[in-house]
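Trainee: attaching a predicted model along with its sequence, questions to come.
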Amino acid sequence: MDGRTGTGRERDTGPRTPIHWVAVIPLKAGRGAKSRLGATLGERARASLAPALARDTVAAVLACRSVREVIVVTDEGWSAGAPGVRVVPDVPNRGLNAAVEHGVRVARATSHRHLGGDAARMGVVALNGDLPALRPEELERVLLAARAPRCFVADAEGTGTTMLTVAPDAVPEPRFGPGSRMRHRESGALELVLPDVPGARRDVDTGADLLVALGLGVGPHTRRAWEALRTRDRERGEPGGPGAGPGLRRSAGSPG
Ligand SMILES: Nc1nc2c(ncn2[C@@H]2O[C@H](COP(=O)(O)OP(=O)(O)OP(=O)(O)O)[C@@H](O)[C@H]2O)c(=O)[nH]1
Ligand SMILES: C=C(OP(=O)(O)O)C(=O)O
């Protein structure tokens, strides 16, 4: 088994297989971001966790050996925070897939700056910015397996997508959003089914997702934000953790 499944429409890129990658991370920030997290954990938790999830995702991607640059596509006051991270403005009001396409365009238009003659062998990987348990070596495994023009990784639920890779000559055709696993398959992208990449598949949309991610091990920003929320709630005599609803109260203190 080579860890790949697909529709048969895909082709191997052969000599055009990427040897360098630029990552595109679309980020919605501000009050509109991570509304499902707010609905399950409360607004205070949403406001501190949403940027923390993104910071940990960006840090893990930046630490991946094959990634040369991280392009964050967002409109809302995001500072790059590290060399190798570039922030570009979103396409206003066009949503997630337009942001990804924009990021790919920017990456391709500017890749010669850091890749020189290797720019023709540059792939782009677009990732959700809510993967706080992602580890650099997991992303490395995904990129090594990405040998078709477009490949994707399904989320842990099995209905969505956490990342899409696009080879140098391929049209990105991002189909992120609810039910995107099926849409990516139908569009001819190759699904990468890899063992041992739980963090690469664990997007965090709800409080329950966050507990699973904490169990896998999250980056320091998410860990600190979570601990601060728990400390605050304990001081206020709310032992269940941030916004602990019926589904969270049972295990909110246990992960990690
Ligand atoms: N640049 C940009 N990023 C977006 C946009 N919509 C979603 N994202 C990002 O895309 C990734 C996946 O999005 P979702 O998990 O659906 O995030 P969300 O829309 O903030 O969450 P919900 O409100 O719970 O649906 C996250 O990194 C988001 O920040 C958008 O319109 N523009
Ligand atoms: C954007 C996606 O994820 P979610 O909305 O579940 O975060 C997706 O699965 O394509």
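Mentor: Received the coordinates, thanks. Bear in mind that the values here come from a model prediction, so they are computed numbers and not experimental data. Ligands and ions are numbered 1, 2, ... in the order given.

Trainee: how about the helices in the chain?
Mentor: Here the chain has its helices, by DSSP state H, at 35-41, 43-62, 96-110, 112-115, 136-145, 180-186, 198-201, 207-216, 220-235, 246-249.

Trainee: let's have these in JSON lines, adding mean neighbour count and distance to ligand 1.
Mentor: From N, CA and C alone the C-beta is placed, and that goes for glycine too. Formatted as JSON lines, those follow (neighbours: other Cβ atoms under 10 Å; distance: least, Cβ to the nearest ligand atom, whole Å):
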{"stretch": "helix 35-41", "mean neighbour count": "19", "distance to ligand 1": "3"}
{"stretch": "helix 43-62", "mean neighbour count": "22", "distance to ligand 1": "7"}
{"stretch": "helix 96-110", "mean neighbour count": "20", "distance to ligand 1": "3"}
{"stretch": "helix 112-115", "mean neighbour count": "13", "distance to ligand 1": "22"}
{"stretch": "helix 136-145", "mean neighbour count": "20", "distance to ligand 1": "15"}
{"stretch": "helix 180-186", "mean neighbour count": "19", "distance to ligand 1": "10"}
{"stretch": "helix 198-201", "mean neighbour count": "23", "distance to ligand 1": "14"}
{"stretch": "helix 207-216", "mean neighbour count": "21", "distance to ligand 1": "10"}
{"stretch": "helix 220-235", "mean neighbour count": "17", "distance to ligand 1": "14"}
{"stretch": "helix 246-249", "mean neighbour count": "13", "distance to ligand 1": "16"}
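
Trainee: so which of those helices gets nearest ligand 2?
Mentor: helix 180-186 (3.3 Å; Cβ to the nearest ligand atom).

Trainee: gap between the closest one and the chain center?
Mentor: Relative to its parent chain, helix 180-186 has a centroid offset of 17 Å by Cα atoms, centre = their mean, to the nearest Å.

Trainee: residue in this structure nearest to ligand 2?
Mentor: Of all residues in the chain, residue 160 sits closest to ligand 2, at 2.2 Å by Cβ to the nearest ligand atom.

Trainee: hang on, the earlier thing: now distance to ligand 2 and mean pLDDT too, for the helices of the chain, in JSON lines please.
Mentor: Putting the helices of the chain into JSON lines (distance: least, Cβ to the nearest ligand atom, whole Å; pLDDT from 0 to 100) gives the following:
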{"stretch": "helix 35-41", "distance to ligand 2": "8", "mean pLDDT": "94"}
{"stretch": "helix 43-62", "distance to ligand 2": "11", "mean pLDDT": "95"}
{"stretch": "helix 96-110", "distance to ligand 2": "6", "mean pLDDT": "96"}
{"stretch": "helix 112-115", "distance to ligand 2": "28", "mean pLDDT": "76"}
{"stretch": "helix 136-145", "distance to ligand 2": "15", "mean pLDDT": "97"}
{"stretch": "helix 180-186", "distance to ligand 2": "3", "mean pLDDT": "98"}
{"stretch": "helix 198-201", "distance to ligand 2": "10", "mean pLDDT": "98"}
{"stretch": "helix 207-216", "distance to ligand 2": "9", "mean pLDDT": "98"}
{"stretch": "helix 220-235", "distance to ligand 2": "15", "mean pLDDT": "93"}
{"stretch": "helix 246-249", "distance to ligand 2": "17", "mean pLDDT": "42"}
